[in-house]
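Undergrad: With the input below, show me the fold.
(2 chains)
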Number of protein chains: 2
Amino acid sequence: MVNALMINILESLIIIGGAEDKKGEKKILQEVCAHIEKESQLLVIVTVATQLPQEVGNEYSNLFYDLGIKNINVLDVRTREDALKPENVELIENASLVFFTGGDQLRITSILGGTSLYSTMKRKHSEGCVFVGTSAGASVMSDVMIVTGLDDESAKKCTLKMAPGLGLITGVIIDQHFAQRGRVGRLLVGVAENPEVLGIGIDEDTSIIVNRENILRVLGSGAVYIIDGSNISDTNVSEQHQDNILSIFDVRMHVLKSGDKYDLKSRKPFL
Amino acid sequence: MVNALMINILESLIIIGGAEDKKGEKKILQEVCAHIEKESQLLVIVTVATQLPQEVGNEYSNLFYDLGIKNINVLDVRTREDALKPENVELIENASLVFFTGGDQLRITSILGGTSLYSTMKRKHSEGCVFVGTSAGASVMSDVMIVTGLDDESAKKCTLKMAPGLGLITGVIIDQHFAQRGRVGRLLVGVAENPEVLGIGIDEDTSIIVNRENILRVLGSGAVYIIDGSNISDTNVSEQHQDNILSIFDVRMHVLKSGDKYDLKSRKPFL
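TA: All right, here's what the predicted structure looks like:
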């Protein structure tokens, strides 16, 4: 039997498609809180993505406090200089759960990349510290992340910009606000460019919770789209001019709702 | 060798995802004109879908006139009574190409359904008269059509309303303004409800041209999405409560650009 504590140990990554419910049942934020010891362990909110660090930091601090977390700290890193400060590294060193807010994913990587704060985060994650990200904080979790792309448009190669992410999960590209912003086109470009990589599109108020066995489960009010390009039989991704429409044959897609699971290794959904 | 005239004979259905270019190269409208004898044959514009029949009728009349069509008539049917008038039936009887404008697809079927005008259209199409529809006029071409559904949302069953269409093409559900309005969710519901039916999502300024061998080709500046549910391994479409998110495993999807082709019988894309 896998008990709740074991689940907590196994599940070390929660990726939220943005706009998680903050006023109603707060199912996703409740789930986040279920992954640490509310009385004793430290939850650190990382506001590096946003240009309103104080407002956003306060908002999440209050939310998590109301959900019963006793030890909350905000890691307010605004520059690379901040990222080098020993007290900030120590904050992550002591954390049991690290929560990345939304904002701009390039702010996260351009400020944290190559610093001791970054390497501490990577080590902490490998040691079992739970990492959570919403919106920009979701995109940044994979080793390659989408930076910008057109919403509500069909796939054109030139419209997609990708960059190296934090790499807490590998072999996937995450996209957020997925159905709400009509982003299937841009995620298809990412997958077509290298079908070795799996595309994961997460709706607002929806999350995936990934365990160390590479099984993800869905939690939230929307859907999660898995775009599997391993059977693509033909695509013009390498040939066409920049502005041309991308053509892709034989993409496999799964639409998962809350409770559905997916095995990232075997690339199979299950209930 | 298939020559141009033979193509004209073979291709009797042009379905446009709305907002076709009317000011630049007008590629799609040019293609429409290539399907009749410009000097001699009659093109009839059907404005039944729109509540601005005069404006829309004039706009398309001018467009087709500028593209060289000599005989143009507007079928201005606003009520079921209009649909019964012998002079309107005669107009269709004499037509070589019938063009349905956008508007509301339920206006088309609720006004034309069961009338002699409708049965004349069906017979004329079977005899080789070319039918063209854009936007609402596109949706109405299949035997089951999408009436309303949520844009930019993940698939929920209760949000999709379907109704019987004109049935000039069978075994498919057409959706239009596809990427622009984020409609993949609603088309997935339609396909999940009966995977025997193929989902075809057409972008704006993009069209499919279907021939009598059930081969379609894509023309236009956007993409066409084929959603093939024949391999769906699991879905909750029949069990869940109305407002729940739909879950669908193993959907096959193709994204086709201008020039790509698809065989509706074998369900295979080709170049």
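
Undergrad: can you pull the contacts of the closest residue to residue A:270 other than its chain neighbours?
TA: In this structure, residue A:270 finds its nearest non-sequential neighbour in residue A:261, 5.2 Å apart by Cβ to Cβ, 6 or more residues apart in numbering or on different chains. (Glycine included, C-beta is placed from N, CA and C.) Residues near residue A:261 by Cβ atoms under 8 Å, 6 or more residues apart in numbering or on different chains: A:215, A:216, A:217, A:218, A:269, A:270, A:271.

Undergrad: Buried only: go through those for me.
TA: Among the contacts of residue A:261, the ones that count as buried by 16 or more other Cβ atoms under 10 Å in any protein chain shown are A:215, A:216, A:217, A:218, A:269.

Undergrad: Next one: the helix or strand hosting residue A:190, is it in contact with chain B?
TA: Using DSSP states H and E, residue A:190 sits within helix A:184-193. Yes. Counting by Cβ under 8 Å from any Cβ of the partner chain, chain B is contacted by helix A:184-193 at A:184, A:185, A:188.

Undergrad: just the helices in the stretch 51-200 of chain A please.
TA: Counting by DSSP state H, counting those that start in this stretch, the stretch 51-200 of chain A has helices at residues A:53-66, A:80-84, A:86-94, A:105-112, A:116-126, A:136-139, A:184-193.

Undergrad: Out of these, which one sits most buried?
TA: helix A:136-139 (a mean of 28; mean count of other Cβ atoms under 10 Å in any protein chain shown).

Undergrad: Can you pull the residues of the stretch 101-250 of chain A lying near chain B?
TA: So far as Cβ under 8 Å from any Cβ goes, the stretch 101-250 of chain A lies against chain B at A:152-155, A:178-182, A:184-185, A:188, A:203, A:221-223, A:233-234, A:236, A:244-250.

Undergrad: residues contacting residue A:124?
TA: Residue A:124 touches A:92, A:93, A:95, A:98, counting by Cβ under 8 Å, 6+ apart.

Undergrad: neighbours around the closest residue to chain B within the stretch 1-150 of chain A, how many?
TA: Chain B sits closest to residue A:150 of the stretch 1-150 of chain A, with a gap of 9.1 Å, by Cβ to the nearest Cβ. Using other Cβ atoms under 10 Å in any protein chain shown, residue A:150 has 18 other residues around it.

Undergrad: How about the contacts made by it?
TA: A:156, A:159, A:185, A:186.

Undergrad: of all those residues, which comes closest to chain B?
TA: Of those, the one sitting nearest to chain B (Cβ to the nearest Cβ) turns out to be residue A:185, at 5.5 Å.

Undergrad: And for that closest one, nearest residue in space, chain neighbours not counted?
TA: Here the residue nearest residue A:185, using Cβ to Cβ, 6+ apart, is residue A:155, at 4.3 Å.

Undergrad: Report the contact partners of the one residue in the stretch 151-271 of chain A that gets nearest to chain B.
TA: Nearest residue of the stretch 151-271 of chain A to chain B (Cβ to the nearest Cβ) works out as residue A:182 at 3.0 Å. With contact taken as Cβ under 8 Å, 6+ apart, residue A:182 is in contact with A:151, A:152, A:153, B:152, B:179, B:180, B:181, B:182.

Undergrad: tell me the two of these that are most distant?
TA: The distance between the two most remote of the contacts of residue A:182 (Cβ to Cβ) is 12.5 Å, for A:153 and B:152.

Undergrad: So residue A:30 sits against residue A:69, correct?
TA: No. Under the criterion of Cβ atoms under 8 Å, residue A:30 is not in contact with residue A:69, lying 11.0 Å apart.

Undergrad: Have a look at the two and say which one is more surrounded.
TA: residue A:69 (20 against 13).

Undergrad: That one against residue A:32, yeah?
TA: No. With contact defined as Cβ under 8 Å, residue A:69 and residue A:32 do not form a contacting pair (9.2 Å).

Undergrad: Give the other helices and strands that the lengthiest strand in chain A contacts.
TA: Ranked by number of residues, the top strand in chain A under DSSP state E is strand A:248-256. Helices and strands touching strand A:248-256, by 3 or more Cβ pairs under 8 Å, 6 or more residues apart in numbering or on different chains; DSSP states H and E, are helix A:184-193, strand A:224-228, strand A:234-235, strand B:248-256.

Undergrad: out of these, nearest to residue B:79?
TA: strand B:248-256 (38.9 Å).

Undergrad: pLDDT on that closest one, on average?
TA: Strand B:248-256 shows a mean pLDDT of 95.

Undergrad: Output it in CSV, but only the C-alpha positions, please.
TA: Provided in CSV are the C-alpha atoms of strand B:248-256 (Å, rounded to 0.1, in the frame of the first residue of the first chain):
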residue,chain,number,x,y,z
ILE,B,248,-10.3,11.2,-24.6
PHE,B,249,-7.4,8.9,-25.2
ASP,B,250,-5.6,8.2,-28.5
VAL,B,251,-7.0,10.7,-30.9
ARG,B,252,-5.2,10.9,-34.2
MET,B,253,-4.7,14.4,-35.6
HIS,B,254,-3.3,15.7,-38.9
VAL,B,255,-2.5,19.3,-39.6
LEU,B,256,-2.7,20.0,-43.3
